[in-house]
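Undergrad: got a structure for you, letters missing:
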């Protein structure tokens, strides 16, 4: 009876959706944090994540396309802008018949917490596998599960889209870990892509790879270097005046082109960074461009 109650809770309306643990028996890769570690700041910003969790927003069955997107908020791998780069995206997707699953992955600006690579990647991979494992219960097609990330969350989403074949000793503890973690599409919003000193966002690189990463790690986790013919279709949006150099997105799109990966790149003249769904001027059109891209792929059943 208890299991059926949990399934019921996962299907409730978005107004009542709840955080659920990604690893009920403890998350691997870093030591557990004391209760009360996690903080909630202005505009829904989360930091010093205590438990990696997800929150599922599911569309009405009559409107469902069967598709789902795992959403990774940005924040330089130091915090999570969970409202405008998380919950707002999920609500927008649900209105269009696509499940939005906001992922609270482990990040901190305190290196002593041990949240450097691969910890955020472990959480992201687990989230994809979790949705795939529960696809039937949640009305999701297991072949229509993608990733969506902004800024550093875009880097995490691009890792999922390129390095899904990697393996880690921390994985394999239960049946969920044996599900595929390869996404079927990727939506990258003003993403960090490169880990090179010349192009990367300094804070993202520092929090993910540490103060002095070796050349091999920089190369390996610059995701434009990891695109292959097996990378799923990609939607990219950025601006020329983004303080995170727009060449991050351009290099990724170029790599997709070379590998024959379908890619839709949108470069706007102005708009800066961190705008979420609320770009101004010409940039205000980007959500409609994404809606059109998604509609071509996923039609209501």
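TA: Looks like it arrived, so ask away. What you are looking at is a predicted structure, and each value in this text was computed from that prediction instead of being measured.
Undergrad: please name the bridge partners of the spatially most central residue of the chain.
TA: Centroid-nearest residue in the chain: residue 72, 3.0 Å away (criterion: C-alpha atoms, centre = their mean). Applying DSSP bridges to residue 72 yields these beta-bridge partners: residue 149.
Undergrad: that one contacts residue 101, doesn't it?
TA: No - contact criterion C-beta atoms under 8 Å: residue 72 and residue 101 do not qualify, at 10.0 Å. (Glycine included, C-beta is placed from N, CA and C.)
Undergrad: ok, residue 293 - contacts?
TA: Shown in contact with residue 293 (C-beta atoms under 8 Å, 6 or more residues apart in numbering): 235, 264.
Undergrad: so it belongs to a helix, correct?
TA: Yes - per DSSP: H, G, I helix; E, B strand; the rest coil, residue 293 lies within a helix segment.
Undergrad: can you read off the pLDDT for it?
TA: At residue 293, the predicted lDDT confidence score is 97.
Undergrad: roughly how far does it sit from residue 158?
TA: Applying C-beta to C-beta, to the nearest Å, the value for residue 293 to residue 158 is 17 Å.
Undergrad: can you tell me the closest non-neighbouring residue to residue 36?
TA: residue 50 (7.7 Å; C-beta to C-beta, 6 or more residues apart in numbering).
Undergrad: how close does that neighbour get to residue 199?
TA: With distances taken as C-beta to C-beta, residue 50 is found 32 Å from residue 199.
Undergrad: again with residue 165
TA: 25 Å.
Undergrad: which of those two has more neighbours?
TA: When residue 165 is set against residue 199 and neighbours are counted by other C-beta atoms under 10 Å, the residue ahead is residue 199, at 18 against 10.
Undergrad: burial count for the residue lying closest to the more buried one once chain neighbours are set aside?
TA: Using C-beta to C-beta, 6+ apart and skipping the chain neighbours, the partner closest in space to residue 199 is residue 245 (5.2 Å). Number of residues near residue 245 (other C-beta under 10 Å) recorded here: 18.
Undergrad: surely residue 245 is in contact with residue 197?
TA: No - in this structure, residue 245 is not within contact of residue 197 by C-beta under 8 Å, at 11.8 Å.
Undergrad: who are the contact partners of residue 122?
TA: Contacts for residue 122 (C-beta under 8 Å, 6+ apart) come out as 27-29, 168, 170-171.
Undergrad: just these: which are in helices?
TA: Using DSSP state H, no member of the contacts of residue 122 falls in helices.
Undergrad: among those residues, who's most crowded?
TA: Ranked by neighbour count (other C-beta under 10 Å), the contacts of residue 122 have residue 27 at the top, with 24 neighbours.
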